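**Q** Provided below for reference: sequence and predicted model.
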Amino acid sequence: MAEVKVKNSKGGGTAAKVYEMVKPIADELGLVLWDVVFEKEGAYWYLRIFIDRDDGMPSMEDCENVTRPLSKLLDEADPIEQSYILEVGSPGIGRELKKEEHFLRYIECPVRIRFIRENEKGEKEIIAALKAYNKDAITVMADGEESVVRLSDTAFVKLADDEDLFDEDFYEQ
């Protein structure tokens, strides 16, 4: 594996630095690097690496195969000052769409959109089919009506692939 030099780029942040480090590992293993998040929960910092597969959910083995070389790289480069817990896992169902490649991957799929404030119809949240993406907005189809949603008006946009989990008929089967 090639040596990775971590640049302290302006505005890069810890997650961006680690993303640069883990991306070649994921690529080499044929995995999709979904996201890198560095966040504090309670007294602890967590470095969360989310990986995916084009052919289904990543396995525990996939997670281990990313964790081992990444741990070694992180120890060598030492880009994070404080103590943290490293987690490598799947973005799971209901994954948040944040990047261009996330949106483009799920065109024609149902998404759950939560607005920061109620939209013009008084809705705080909708489920709609994702039709198009540009860097500032998405086009969606809901109830036979196409509309444009500015991403700056949303709290989040998530894949709506968990509907069966909350369907009462699902539990009666």
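**A** Received, thanks.

**Q** C-alpha only now, for contacts and for neighbours.
**A** Fine.

**Q** Residue 152: how many residues sit nearby?
**A** By other CA atoms under 10 Å, the residues close to residue 152 number 11.

**Q** how much space between it and residue 46?
**A** From residue 152 across to residue 46, the span is 26 Å (CA to CA, to the nearest Å).

**Q** Ok, residue 29 next?
**A** 23 Å.

**Q** Same check on residue 61?
**A** Following CA to CA, the distance that separates residue 61 from residue 46 is 21 Å.

**Q** Likewise for residue 39?
**A** Using CA to CA, residue 39 is found at 5 Å from residue 46.

**Q** which helix is the longest one in this structure?
**A** Among the segments of the chain that qualify as a helix by DSSP state H, the longest is helix 60-77.

**Q** what's that helix packed up against?
**A** Using 3 or more CA pairs under 8 Å, 6 or more residues apart in numbering; DSSP states H and E as the contact test, the elements touching helix 60-77 are helix 13-28, strand 85-89.

**Q** Taking helix 60-77 as reference, get the angle to the longest one.
**A** Angle between the axes of helix 13-28 and helix 60-77 is 130 degrees (criterion: axes from the mean of the first three to the mean of the last three CA atoms, to 10 degrees).

**Q** buried sites along helix 13-28?
**A** 14-19, 21-26 (16 or more other CA atoms under 10 Å).

**Q** Settle it for me: which of residue 61 and residue 46 has more neighbours?
**A** Set side by side, residue 61 and residue 46 give different neighbour counts by other CA under 10 Å, the larger being at residue 46 (15 against 9).

**Q** residues in contact with the strand or helix carrying that one?
**A** Secondary-structure element containing residue 46, defined by DSSP states H and E: strand 44-52. Counting contacts by CA atoms under 8 Å, 6 or more residues apart in numbering, the residues outside strand 44-52 that touch it are 15, 26, 31-40, 58, 63, 82-91.

**Q** All set, thanks.
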